[in-house]
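Participant: The sequence isn't on hand, but the structure is:
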């Protein structure tokens with residue numbers, strides 16, 4: 001039987017790549033009429049997805065094609081780099097799809113493109129092949145509604161980021177409560193990023209539909225807003241989540257020590273602090289976190305990463321032990337040697353499944369929120385960048401599934417943070433989330 005060919009074009013960022021590949025695998029497992037080809041784009045400073053891909057068991061009907069890596073001249077700003085990299089990849093995408101269609105007699109007809117939310121420029125390529133294009137949106141329905149609604153305000157009502165900053169809060173159809181302006185994404189508050197925002201979200205309005213990594217039982221108000229509100233109705237969305245690996249495994253040797261240590265801890269007694277693939281802090285904030293952990297008296301696993309010297313948007317690295325000793329309060333590692341572990345990269349999903357974990361201090365990336373809900377671990381919300389402030393507001397204030405550490409904290413595109421969260425505030429969040437788990 002000839003299968004319908006679907007081309008997936010994910011972002012190269014790990015959090016986007018994981019959920020995209022999980023969706024592709026789910027689609028194949030649910031319907032054997034599909035043959036999916038994933039075109040993997042390799043951008044500078046985004047190699048963290050390679051080990052994940054290597055660890056996958058790939059079904060017969062799922063094929064990965066690595067596109068050539070693109071480089072850019074130095075000192076290219078982030079917004080321009082994203083656009084330039086995607087444009088530079090277009091010829092390679094066209095060639096890869098042409099190779100597929102040349103084998104139509106063997107494999108079946110090209111049916112559709114599914115492109116990542118950051119890759120909407122590839123919708124133009126789908127049009128050249130006369131097939132429908134759908135967007136895969138890797139965050140939640142409420143966040144999608146927020147971006148689309150703001151785009152409409154900016155475009156239709158001549159609203160802009162300057163006027164937005166003059167408000168205290170704003171009613172948005174996909175949220176049940178008005179959202180404080182300090183919970184909006186940085187790229188809608190910064191005038192320098194306004195043109196990027198308009199291009200990015202304008203692209204979200206172009207496809208035949210939007211596939212969202214969420215589910216109606218979680219975001220019922222947001223889903224209903226796309227059916228009823230005049231500014232959102234008519235934009236077809238398809239919630240297909242939660243898309244995550246229900247049995248996470250890792251081949252990283254260092255993670256064995258973490259799991260063995262957790263095996264020796266009482267159920268729901270450990271707080272896990274982890275801030276995603278790009279989350280990191282500077283020395284002043286690290287000191288406050290360490291004091292909060294120690295003062296709370298709670299067992300802990302803390303994934304502490306070193307900021308990239310290149311830029312905030314580059315992936316952080318792990319600290320050598322000598323750096324940790326000088327970075328943390330004097331004697332911290334010795335005093336907490338029995339009660340906790342400071343680690344570098346950590347297998348987040350695998351740790352969250354462990355019965356010893358009772359609470360999760362998180363940046364509120366959407367994948368992390370879905371994992372915490374799936375594995376039944378409450379979150380203490382500490383968003384950093386992108387749409388994480390809006391995610392955290394939804395989690396804490398709308399869904400009542402988390403507690404607050406600092407909903408208005410944010411890291412700028414140059415890596416600067418807007419303030420230092422005090423040890424007292426962090427300690428309160430840790431104790432609150434562990435109270436939820438019945439551990440304190």
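Facilitator: Structure received. These figures come from a predicted structure and were not determined experimentally.

Participant: Residue 170 - how many residues pack around it?
Facilitator: For residue 170, the neighbour count with other Cβ atoms under 10 Å is 18. C-beta: built from backbone N, CA, C; applies to glycine.

Participant: Quick check: bridge partners of it?
Facilitator: As for beta bridges, residue 170 partners with residue 179 under DSSP bridges.

Participant: Report the contact partners of it.
Facilitator: 164, 178, 179, 181, 184 (Cβ atoms under 8 Å, 6 or more residues apart in numbering).

Participant: Which among these count as buried?
Facilitator: Neighbour-count burial (16 or more other Cβ atoms under 10 Å) applied to the contacts of residue 170 gives 164, 179, 181, 184.

Participant: show me where the stretch 201-350 of the chain has strands.
Facilitator: For the stretch 201-350 of the chain, the strands defined by DSSP state E, counting those that start in this stretch cover 209-212, 237-239, 270-274, 299-303, 305-306, 317-318, 340-343.

Participant: thinking again about what came up before, among the buried ones among the contacts of residue 170, which are located in helices?
Facilitator: Among these, the residues falling in helices (DSSP state H) are residue 164.

Participant: Closest one of the buried ones among the contacts of residue 170 to residue 323?
Facilitator: residue 184 (34.8 Å; Cβ to Cβ).

Participant: before we move on, back to that, which of the buried ones among the contacts of residue 170 sits closest to residue 395?
Facilitator: residue 179 (12.8 Å).

Participant: Return the residues in contact with the closest residue to residue 141 other than its chain neighbours.
Facilitator: Spatial nearest neighbour of residue 141, chain neighbours left out: residue 222 (3.9 Å); criterion: Cβ to Cβ, 6 or more residues apart in numbering. By Cβ under 8 Å, 6+ apart, residue 222 lies in contact with 140, 141, 142, 144, 145, 174, 175, 214.

Participant: Could I get the phi/psi values of residue 116?
Facilitator: Torsion angles at residue 116 (phi, psi; degrees, to the nearest 10) stand at phi -60, psi 150.

Participant: What about the closest residue to it other than its chain neighbours, how many residues nearby?
Facilitator: Excluding the flanking residues, the one nearest residue 116 by Cβ to Cβ, 6+ apart is residue 11, at 4.2 Å. Residue 11 is flanked by 22 other residues according to other Cβ under 10 Å.

Participant: re the thing from before, which among the contacts of residue 170 gets closest to residue 99?
Facilitator: The closest of the contacts of residue 170, once distances to residue 99 are taken by Cβ to Cβ, is residue 184, at 42.5 Å.

Participant: returning to what we had before: just the buried members of the contacts of residue 222?
Facilitator: Buried among these (16+ other Cβ under 10 Å): 140, 141, 142, 144, 145, 174, 175, 214.

Participant: which residues of the stretch 51-200 of the chain score low on pLDDT?
Facilitator: Within the stretch 51-200 of the chain, the ranges that satisfy pLDDT under 70 run 51-57, 73-79.

Participant: Try it again at 90.
Facilitator: Along the stretch 51-200 of the chain, the parts satisfying pLDDT under 90 run over 51-61, 69-86, 103-108, 158, 160, 186-187, 190-193, 195-196.

Participant: Helices of that one, residue ranges please.
Facilitator: Listed in chain order, the helices of the stretch 51-200 of the chain (DSSP state H, counting those that start in this stretch) span 78-101, 104-107, 123-128, 141-156, 161-165, 186-189, 194-204.

Participant: Would you mind putting those helices into TSV with distance to residue 265 alongside?
Facilitator: Formatted as TSV, the helices of the stretch 51-200 of the chain follow (distance: least, Cβ to Cβ, whole Å):
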stretch	distance to residue 265
helix 78-101	41
helix 104-107	51
helix 123-128	49
helix 141-156	34
helix 161-165	45
helix 186-189	37
helix 194-204	43
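
Participant: of those helices, which approaches residue 230 most closely?
Facilitator: Closest of the helices of the stretch 51-200 of the chain to residue 230 is helix 141-156, at 10.0 Å (criterion: Cβ to Cβ).

Participant: helices and strands around the closest one, which ones?
Facilitator: Packing contacts for helix 141-156, counted by 3 or more Cβ pairs under 8 Å, 6 or more residues apart in numbering; DSSP states H and E, involve helix 194-204, strand 209-212, helix 220-228, strand 237-239, helix 388-393.

Participant: Which one of the ones you listed lies nearest to residue 376?
Facilitator: The closest of the helices and strands packed on helix 141-156 to residue 376 is helix 388-393. By Cβ to Cβ, the value is 18.6 Å.

Participant: Look up the closest residue to residue 64, ignoring the ones flanking it.
Facilitator: Sequence neighbours aside, residue 38 is the residue nearest to residue 64 in space, at 5.0 Å (criterion: Cβ to Cβ, 6+ apart).

Participant: follow-up on the earlier one: please identify the deepest-packed of the strands of the stretch 201-350 of the chain.
Facilitator: For the strands of the stretch 201-350 of the chain, the largest average neighbour count (mean count of other Cβ atoms under 10 Å) is found in strand 270-274, namely a mean of 25.

Participant: before we move on, the earlier item: could you dump the buried ones among the contacts of residue 170 into TSV and include distance to residue 376?
Facilitator: Putting the buried ones among the contacts of residue 170 into TSV (distance: Cβ to Cβ, whole Å) gives the following:
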residue	distance to residue 376
164	37
179	27
181	33
184	30
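
Participant: Tell me which two of the buried ones among the contacts of residue 170 sit farthest apart.
Facilitator: Farthest apart among these by Cβ to Cβ are 164 and 179. That separation is 10.9 Å.

Participant: who's in contact with residue 389?
Facilitator: 182, 183, 184, 185, 364, 383, 407, 408, 409, 410.

Participant: Buried ones among the residues you listed?
Facilitator: Neighbour-count burial (16+ other Cβ under 10 Å) is assigned, among those, to 182, 183, 184, 185, 364, 383, 407, 408, 409, 410.

Participant: part of a strand, is the fifth one?
Facilitator: No: assessed by DSSP: H, G, I helix; E, B strand; the rest coil, residue 364 does not belong to a strand; its assignment is coil.

Participant: Let me know whether it touches residue 395 as I believe.
Facilitator: Yes: Residue 364 is in contact with residue 395 according to Cβ atoms under 8 Å; the separation is 6.3 Å.
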